[in-house]
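# Pasting the sequence and the predicted model now:
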Amino acid sequence: MRIIRFDNKGWRARFDQGFNAKNVARAADAFAYIWADANPGSTVLVGYDTRYQGAEFAKVVGGVLASYGLRAVVSDAPCPTPALGWAVARDDQALGAVMLTASSASCEYGGISVRGADGGPVSDEFYAAATQIVPSVEVGGAGSFELADFVTPYLEHLASLANASVLADAAPKIVVDPMFGSARGHLARLLGDLGCDVTQIHGGDAPDFEGLHPLPGEPWVDRCERAVAQSGGGFGIVLDGDADRLGLVDEDGTFVSPHRMVPLVLDHLVSDLGRQGRVVATYSSSAYLRRQAARLGCRFTAVPMGFSRIYREFVEGDVVLGAEERGGVSIPSHLAERDGLYAALLVAELVATRGVPLRELVAELEDDLGAMHYISRDIRLDAASIQTFRNILPGLNLPEVCGRRPVYVSHSDGLVLRFEDDSWVQLRPSRTEPLVRARAEAPNVHDAEQLAQTTCLAAQRLR
């Protein structure tokens, strides 16, 4: 039998390399054992996205959970991950949830992850315990489970949060691209019911995603960019495969990076909706978000990569927004997880409230916060070199890079160096792939590229 090891996102594998019903049942058996041992008879919800055999895998999980005496409730249709998280958070009897999704990975992959009782991620300790008890043989037996609609109550709740009159009066023209994922039909319906003029693309049934990676970034947003440019005055919203992350396309058909999108959402929350609190983001998030937080009077907390690190700050309280660098936005007053649909609703509200095109809002943001250019590079190395990087980075201190002296150095997430003008660079070996991720930001592209390249070369010379 295939060895199953969970990381802090669960378990993901190719369908042709072991992600099948038998191994999904083994993974579910480990979760069921932990839950049933701690809280016999509790409720566990199960959701799935639009990938290959999603419904069948979800039913397998439901049967395994029920065989342990748990009350298993399985979604009656593909559902966004935030809809499942919201459902478990609102159910006082629910101990947690299991989601069948590989999020933004290509169609060759399946995945399984777990949510806690508040809809947020479970702890690393939960996954570590589950890894230790995954059965090494095929799991037999299955109990009876229930079916339920998790999506409709969730969409009704989102509609109740919206400023319906502002949206109806402005009637913004929006192209929605769910990338064949679990938000198909749902975001378009939500925005349409609120008075927006909505066109949906990539909304059909296509388990192979027609060759797309359901990732809201270049080059996978090309068709949405074209659709927006042809729409005449609208903007675009792109959601990933399980709808926990989003990307934007402005009226010219230009992709708006998460590094611009998240500060815009924060501005709407604080300036238009009167929210206050801390902003929590990963070290590799743009300096724009830190500058925006300061401009709006919000304290800023930086954490290592991984949404579970952001979630830990939610437990401390007083957080208005949490964000990761790839477009995941969480508003903990709504849900202690990323929610692409709610973030999309906030963007639509922002455009309607301000009464100006999205591209002008981005231009105003850059005028207010200054010019910054963000780059990301992946450096592929062999396993031995990656391990050498891991060994070197905790002790690597560079007194100067490109003639700049760092004013801040952190080794809590690879190597992070920050400089007086808010420029920064990060080197971080991947936990799951044989590569080093280099990210940098500076007032111009040349300086950002030079920071990343020089830091990489300095680290390589010490191998």
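Received it, and whenever you're ready, just let me know what you need.
# Could you use CA atoms for every contact and neighbour count after this?
Noted.
# and the chain, what are its domains?
Taking automatic domain parsing as the reference, the chain has its domains at 11-151, 162-369, 373-461.
# Out of these, which gets nearest to R2?
Closest to R2 of the domains of the chain is domain 11-151 (CA to CA; 6.5 Å).
# how long is the closest one end to end?
Taking CA to CA, to the nearest Å, the first and last residues of domain 11-151 lie 24 Å apart.
# cool, stretch 140-147 as well?
End-to-end distance for stretch 140-147: 22 Å, by CA to CA.
# what mean pLDDT does it have?
Across stretch 140-147, the average pLDDT comes to 91.
# pLDDT below threshold where in the stretch 101-250 of the chain?
For the stretch 101-250 of the chain, no stretch has pLDDT under 70.
# Backbone dihedrals for the nearest residue to K9 once chain neighbours are set aside, please?
Spatial nearest neighbour of K9, excluding adjacent residues (CA to CA, 6 or more residues apart in numbering): S113 at 6.1 Å. Main-chain dihedrals, S113, degrees, to the nearest 10: phi -140, psi 170.
# Neighbours of I133, how many?
As a burial measure, I133 scores 15 neighbours (other CA atoms under 10 Å).
# which residues touch it?
Shown in contact with I133 (CA atoms under 8 Å, 6 or more residues apart in numbering): A30.
# Same question for the one 10 residues further on.
G143 is in contact with G62, G63, V64, L65, A66, S67, Y68, G69, counting by CA under 8 Å, 6+ apart.
# got the phi/psi numbers for the second one?
Read that as G63. G63 adopts backbone torsions of phi -70, psi -40, taken as degrees, to the nearest 10.
# farthest residue from the center of the protein?
Here the chain reaches farthest from its C-alpha mean at G403, the gap being 35.6 Å by CA atoms, centre = their mean.
# Tell me how far it lies from D413.
G403 sits 24 Å away from D413, going by CA to CA.
# which residues touch the spatially most central residue of the chain?
What sits nearest the mean C-alpha location of the chain, by CA atoms, centre = their mean, is G328, with 3.6 Å. Counting by CA under 8 Å, 6+ apart, G328 touches D244, R245, L246, R338, D339, G340.
# S144 now?
G62, G63, A66, S67, A72.
# Give me the pLDDT for the third one.
Looking at A66, its pLDDT stands at 97.
# what about it, neighbour count?
Per other CA under 10 Å, the neighbour tally for A66 reads 24.
# That one and E146 touch, don't they?
No - the criterion here is CA atoms under 8 Å, and A66 misses it with E146 at 9.6 Å.
# what touches both of those two?
Listed as contacting both A66 and E146 by CA under 8 Å, 6+ apart are A72.
# Need the phi and psi values for the residue nearest to the centre of the chain.
With angles defined as degrees, to the nearest 10, G328 sits at phi -90, psi 120.
# What residues are bridge-paired with it?
As for beta bridges, G328 partners with R245 under DSSP bridges.
# And for G96?
G96 forms beta bridges with V44, as assigned by DSSP bridges.
# please renumber so the chain begins at 26
Will do, 26 is the new start, and the previous item becomes G121.
# Fine by me, we can end here.
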